[in-house]
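pasting the sequence and the predicted model now:
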Amino acid sequence: MTRTMNRHFARQISLGIWVIVIILCAIFVWRLIPEDAQSRDHRNPGYPSSYGDWVDYQINPETILGSLDRGDRDVFTPIMSTPNPDSPLLPSGSIPWKQLDYLKIANALSQYVWNEPLDLKNWSIYYLSLHRECQDNPVGFDYMEITYYKITKMNWPNIYPTRHISIYPLASLVSTGSSSDFASRYFAGSNQIDFTKFNVTADDALQTAEENGGKEARKQIKNNCSILINAPLRENEYGWGVSYYFDANFEISINPYTGSFRILTGGK
């Protein structure tokens, strides 16, 4: 009986030791996980509300492009309070800015806020979108936002300085935010959207969509819809996506390097 009890006691001790070893190993592995992966911080770098230093600036959409062409950089006026949501907006399509126009303003805004130009060669795009309402022969966009980041290997884990710019000419408004403490799970670690090598602009993508099903989709519902052009389209698809939504149901994916396309929803 005593010998049996000793064997049972020994097994209990052995099991206890293994449990302790497993717990210590788990703690060791947990300590190796980057701090941001342990964090419960679920802020998304694509949301303006995720930036603590978000600032709105008033612009004159009718004169800003001409002012920038003349070298005038004094075109942004910081707004000290939250813009009134009931402020009157210009009509959709009244300022048909193209991709190049938005990037020109984003470049000037980056120099104004961060003292450096918009550098999409050394910074990676996390998300880029342009938006407009449907109308016959649509040209240009009503809104643009861009979120981009840079990999800085100063220590481990990587640091990701991130910036967000939105430009809304119908409200005479541009906005910026920056941060360096988003969870690394949001970033792929490499520039998967090489925007500097795009051969197809958002303007080109819109026309491709129009000619291959978009026009018919919006005409069927008498232009009661909106159009979103974004890159990446979604995870693992790094080209342009063009979506006609609300009452419309049409979506197309466009290769930004070759111009080839694939209809995802709707169409013939």
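Sure, I can see it.

would you map the helices across the chain?
Here the chain has its helices, by DSSP state H, at 2-32, 35-38, 64-69, 99-114, 202-209, 215-220.

hey, least reliable of the ones you listed by pLDDT?
In terms of average pLDDT, helix 35-38 trails the rest of these, at a mean of 41.

tell me the pLDDT at the residue minimising distance to the centre of the chain?
Closest residue to the average C-alpha location of the chain: Tyr127 at 2.5 Å, with CA atoms, centre = their mean. Each residue has a pLDDT score; the one for Tyr127 is 90.

separation between it and Asn212?
Distance from Tyr127 to Asn212, counting by CB to CB, to the nearest Å: 24 Å. Yep, even glycine has a C-beta here, placed from its N, CA and C like the rest.

beta partners of Pro78?
Tyr57 (DSSP bridges).

then Leu173?
Bridge pairing for Leu173 - DSSP bridges - gives Gln58, Tyr168.

i'd like the first residue to be 117 from this point on
In the new numbering, first residue 117, that becomes Leu289.

run a quick neighbour tally on it.
By other CB atoms under 10 Å, 19 other residues sit near Leu289.

any idea how far Asp172 is from it?
On the measure of CB to CB, Leu289 and Asp172 end up 6 Å apart.

residue ranges with poor pLDDT in the protein?
Within the chain, the ranges that satisfy pLDDT under 70 run 117-159, 198-203, 269-274, 299, 301, 304-308, 349-354, 383-384.

and the longest strand for it?
Under DSSP state E, the strand in the chain containing the largest number of residues is strand 240-249.

and the angle from it to helix 215-230?
Using axes from the mean of the first three to the mean of the last three CA atoms, to 10 degrees, the inter-axis angle of strand 240-249 relative to helix 215-230 is 130 degrees.

packing partners for strand 240-249?
Under the contact definition 3 or more CB pairs under 8 Å, 6 or more residues apart in numbering; DSSP states H and E, strand 240-249 sits against strand 259-265, strand 341-347.

tell me how far that strand lies from the chain's centre.
6 Å (CA atoms, centre = their mean, to the nearest Å).

sheet-wise, list the partners of that strand with their directions.
strand 259-265 (antiparallel), strand 341-347 (antiparallel).

out of these, which gets nearest to Pro277?
strand 259-265 (6.6 Å; CB to CB).

just how off-centre is the closest one within its chain?
Remark: strand 259-265 is offset 5 Å from the chain centroid, using CA atoms, centre = their mean.

any residues touching stretch 221-241, and which ones?
171, 173, 175, 180-181, 184, 189, 191-192, 219, 260, 262-267, 279, 281, 283, 290, 292, 294, 303-304, 306-309, 311-312, 347 (CB atoms under 8 Å, 6 or more residues apart in numbering).

surely Ser208 meets Phe257?
No - with contact defined as CB atoms under 8 Å, Ser208 does not reach Phe257; the gap is 10.0 Å.

which one's more surrounded, these two?
Shown here are Ser208 and Phe257; by other CB under 10 Å, Phe257 has more neighbours (27 against 15).

in space, what's closest to that one - neighbours in sequence excluded?
Leu246 (4.2 Å; CB to CB, 6 or more residues apart in numbering).

picking up where we left off before, anything in contact with each of Ser208 and Phe257?
Listed as contacting both Ser208 and Phe257 by CB under 8 Å, 6+ apart are Arg248.

thinking again about what came up before, contact partners for the residue nearest to Phe257?
Contacts of Leu246 by CB under 8 Å, 6+ apart are Gln215, Tyr218, Phe257, Tyr259, Met260, Ala318, Leu344, Ile345, Asn346.

my guess is Tyr265 meets Ser294, correct?
No - under the criterion of CB under 8 Å, Tyr265 is not in contact with Ser294, lying 10.1 Å apart.

overlap in contacts of those two?
Residues touching both Tyr265 and Ser294 by CB under 8 Å, 6+ apart: Pro277, Thr278, Arg279.

tell me how far the second one lies from Ala224.
Applying CB to CB, one obtains 20 Å for the distance of Thr278 from Ala224.
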